[in-house]
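Chemist: sequence first, then the predicted structure, then my questions.
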Amino acid sequence: ASDSATGLVTQQSVKTYVDNTIGFSFNYFLNDTADAIGGIYYKMEDNDLGGGESTLSTIIGTTGNDKPLVNFITPANEPGVLQIEAGVYNMHVHAEKTAGSSTVDGIYWELYKREVSTVETLLGTSEISSAVTVKAPFNMHLVLSSAVTLAATDRLLIKFYANLSGGAGATVALYQEGTTDSYFSFQVTSNILSNVFLRQDDNLASLNNAGTSRTNLGLGAGDNPIFGNLTITSFAADWTNAGRTVADMGILTTVDINGGTIDGVTITGGTSTELTALSIRSTGALFDQLFATATVFTADRTLNFDIGDADRTLTISANIALDQNLLTTSDPTFGNLNIASFGSDWNNAGRTVADMGILTTVDINGGTIDGTAIGGAATSSGVFSTLKADNDFTAQAKIIFNSTTVTAGAGAVAITGAIHEITTTGIGDALTLVDGLEGQRLNVVYVAEGGGGETAILTPTNLAGADATITFNNLGDTVTLLFTAGAWYGVGVKDAVFA
């Protein structure tokens, strides 16, 4: 619509029409850098890289049409538009037949869109060039009859083919860069400017390149861009965010806090005396944690190590000193506790120690042993399964040994009791007796026999004097032995025979 008198445009809505009809030429320059896809896929960039001339040659061993040469593809997420328009697309390429007997009747190219899923969709096929002989430039056109919708992540792909006849094959070379630039051209509307260039009014909502990496956005100090999702590899210089609030900083893998506040508490030189709560998580011993003196950690404060449940373990490595008493109301459990010394007397009344282990030195001044009361280093009575004194044993009253051991037939006479009873099972039952303890007395009595006329012969390891054996011939034969000076001495005998 326009003013009938002046002919000037009067409706802003025609801007859309102008945007959609004024075209811009967009070029992608071919080069010999292999794309990550591999194989015969090479790159084409939206600018001339300025390199020297490069060559990509394909050896074709048979004649026929549609022989694949090489492919060229745009970078990831390019061309970065959501639609390519209907129209004419041009490929300017330098080609040559460098070897072989076949005639290269012509070359042509196909245009595809390639999705991130690797699906390739054919969009169109170009005209076929004239015959390829010596090195020469060729312009081949492709016509799209209708616009094609692209995803933001789609790439454009060009595949070259050759038609051969006669002979036994040929080698076809395509040249790129240098003075033989080969490039792909297509028309786009001015709307592409909203997708690939930054506006100057600080409205960067269109800077949505689906993860495209940019090394320089060209923002000035007065710019205030808003980004939906911004990935920053590194800041080029120090910066300040003073006066701003970050609602959630996420996870900071490494951070050095050298000033500012935590929960409003001022930090100076890396210290603070006013933190009301401090939670520390670390998988490595990379720091020392000091809990300050009573001026800060006052009497009404509690230091808790909360490990959650029984499946967690609080481990204090190496040696530590616990300088304060455990509360008498607490019930700590230790798997292995080394105590150099108790700081004062203590009481374990009512508790049972299943195994006290070895006590190198102990003074027992009360309590019980095997249920026998002890008081003032004296006891009125006691029954002990074993009582041993390695040195002098002084008794203020008589000591009664009431343990009795027995043998039936041949065997060893035990030295763990005061009395040993012999029961024979034959004639000349052989009995042995090892050395006892210095001062030990042992009574050996023949008390029973299996049949009539049986005897027993006792041979001590060491028997004082010239004798070596003691024979028990009749029931009631008895001998009392004393072990001293490394041998058994007979101090009392009834009918037993020493020989």
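Modeler: Right, received. Where do you want to start?
Chemist: enumerate the positions of stretch 164-183 that are buried.
Modeler: Buried residues in stretch 164-183, counted by 16 or more other Cβ atoms under 10 Å: 164, 169-177, 180-183. Bear in mind the C-beta positions are built from the backbone N, C-alpha and C, glycine included.
Chemist: correction: the previous question concerned stretch 115-125.
Modeler: The neighbour-count criterion (16+ other Cβ under 10 Å) identifies 120, 123 as the buried residues of stretch 115-125.
Chemist: and for stretch 471-480?
Modeler: Buried residues in stretch 471-480, counted by 16+ other Cβ under 10 Å: 471-472, 477-480.
Chemist: need the buried residues of stretch 164-183 in JSON lines (columns: distance to residue 157).
Modeler: Converted to JSON lines, the buried residues of stretch 164-183 look like this (distance: Cβ to Cβ, whole Å):
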{"residue": "164", "distance to residue 157": "23"}
{"residue": "169", "distance to residue 157": "26"}
{"residue": "170", "distance to residue 157": "25"}
{"residue": "171", "distance to residue 157": "24"}
{"residue": "172", "distance to residue 157": "19"}
{"residue": "173", "distance to residue 157": "21"}
{"residue": "174", "distance to residue 157": "15"}
{"residue": "175", "distance to residue 157": "20"}
{"residue": "176", "distance to residue 157": "16"}
{"residue": "177", "distance to residue 157": "20"}
{"residue": "180", "distance to residue 157": "22"}
{"residue": "181", "distance to residue 157": "20"}
{"residue": "182", "distance to residue 157": "15"}
{"residue": "183", "distance to residue 157": "15"}
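Chemist: pick the one among the buried residues of stretch 471-480 closest to residue 497.
Modeler: For the buried residues of stretch 471-480, the minimum distance to residue 497 (Cβ to Cβ) is 4.5 Å, reached by residue 471.
Chemist: pull the helix or strand with minimum mean pLDDT from this protein.
Modeler: Taking all helices and strands of the chain together, the one with the lowest average confidence (mean pLDDT, DSSP states H and E) is helix 14-21, at a mean of 45.
Chemist: any idea which helix or strand comes after that one?
Modeler: Beyond helix 14-21 on the C-terminal side, the first helix or strand identified by DSSP states H and E is strand 23-34.
Chemist: then that following strand to PDB, C-alphas only?
Modeler: Provided in PDB are the C-alpha atoms of strand 23-34 (Å, rounded to 0.1, in the frame of the first residue of the first chain):
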ATOM      1  CA  GLY A  23      18.000 -12.400  -1.600                       C
ATOM      2  CA  PHE A  24      21.500 -12.800  -0.300                       C
ATOM      3  CA  SER A  25      24.100 -15.100  -1.800                       C
ATOM      4  CA  PHE A  26      25.700 -17.500   0.700                       C
ATOM      5  CA  ASN A  27      28.900 -19.300  -0.300                       C
ATOM      6  CA  TYR A  28      30.500 -22.400   1.200                       C
ATOM      7  CA  PHE A  29      34.100 -23.000   0.100                       C
ATOM      8  CA  LEU A  30      35.300 -26.600  -0.500                       C
ATOM      9  CA  ASN A  31      38.600 -27.800   1.100                       C
ATOM     10  CA  ASP A  32      40.500 -31.100   1.600                       C
ATOM     11  CA  THR A  33      40.000 -31.300   5.400                       C
ATOM     12  CA  ALA A  34      38.400 -34.600   6.200                       C
END
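Chemist: which neighbours in the sheet does that strand have, and how are they oriented?
Modeler: strand 41-45 (antiparallel), strand 183-189 (antiparallel) (DSSP bridges).
Chemist: buried stuff in the helix or strand just after the shortest one?
Modeler: What it means is strand 41-45. Once the chain leaves strand 41-45, the next helix or strand it forms, by DSSP H and E, is strand 54-60. Residues 54-56, 58, 60 are the ones in strand 54-60 that count as buried (16+ other Cβ under 10 Å).
Chemist: tell me which two in those are the farthest apart.
Modeler: Going by Cβ to Cβ, the two entries of the buried residues of strand 54-60 that are most distant from one another are 54 and 60, at 19.9 Å.
Chemist: count of residues packed around residue 488?
Modeler: The number of residues packed near residue 488 is 25, by other Cβ atoms under 10 Å.
Chemist: next: residue 339.
Modeler: Taking other Cβ under 10 Å as the criterion, the count of residues near residue 339 is 7.
Chemist: shouldn't it be within a strand?
Modeler: No: the assignment for residue 339 is coil, going by DSSP: H, G, I helix; E, B strand; the rest coil, so no strand is present there.
Chemist: how near is it to residue 437?
Modeler: Computed as Cβ to Cβ, to the nearest Å, the residue 339 to residue 437 distance reads 35 Å.
Chemist: so where's the chain uncertain?
Modeler: Residues of the chain that meet the criterion pLDDT under 70 lie in 1-25, 187-224, 228, 264-332, 335, 374-402.
Chemist: which residues in it form helices?
Modeler: Listed in chain order, the helices of the chain (DSSP state H) span residues 14-21, 193-196.
Chemist: narrow the buried residues of stretch 471-480 to those in strands?
Modeler: Using DSSP state E to define strands, the subset of these located there is 471-472, 478-480.
Chemist: and which of these is nearest to residue 68?
Modeler: Comparing these against residue 68 with Cβ to Cβ places residue 472 closest, at 115.1 Å.
Chemist: unless I'm mixing things up, the closest one is touching residue 493, no?
Modeler: No: with contact defined as Cβ atoms under 8 Å, residue 472 and residue 493 do not form a contacting pair (10.7 Å).
Chemist: who are the neighbours in contact with residue 161?
Modeler: Under the criterion of Cβ atoms under 8 Å, 6 or more residues apart in numbering, the contact partners of residue 161 comprise 65-69, 107-110.
Chemist: which among those count as buried?
Modeler: Here, 16+ other Cβ under 10 Å leaves 67, 69, 107-110 buried among the contacts of residue 161.
Chemist: export those residues as JSON lines, with columns for distance to residue 40.
Modeler: Conversion of these to JSON lines gives the following (distance: Cβ to Cβ, whole Å):
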{"residue": "67", "distance to residue 40": "12"}
{"residue": "69", "distance to residue 40": "8"}
{"residue": "107", "distance to residue 40": "15"}
{"residue": "108", "distance to residue 40": "16"}
{"residue": "109", "distance to residue 40": "13"}
{"residue": "110", "distance to residue 40": "13"}
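Chemist: skip the chain neighbours and tell me the closest residue to residue 28.
Modeler: Here the nearest residue to residue 28 in space, its sequence neighbours aside, is residue 44; by Cβ to Cβ, 6 or more residues apart in numbering that works out to 4.1 Å.
Chemist: ignore the last one, residue 480
Modeler: Sequence neighbours aside, residue 492 is the residue nearest to residue 480 in space, at 3.5 Å (criterion: Cβ to Cβ, 6+ apart).
Chemist: neighbours around that neighbour, how many?
Modeler: Taking other Cβ under 10 Å as the neighbour definition, residue 492 ends up with a count of 12.
Chemist: verify the stated contact: residue 43 with residue 28.
Modeler: No: the pair residue 43 and residue 28 fails to qualify as a contact (Cβ under 8 Å) at a distance of 9.2 Å.
Chemist: need the overlap of contacts for these two.
Modeler: Overlap between the contact sets of residue 43 and residue 28, as judged by Cβ under 8 Å, 6+ apart, is given by residue 72.
Chemist: could you chop the chain up by domain?
Modeler: For the chain, whose domains are defined here by automatic domain parsing, the residue ranges read 18-192, 404-498.
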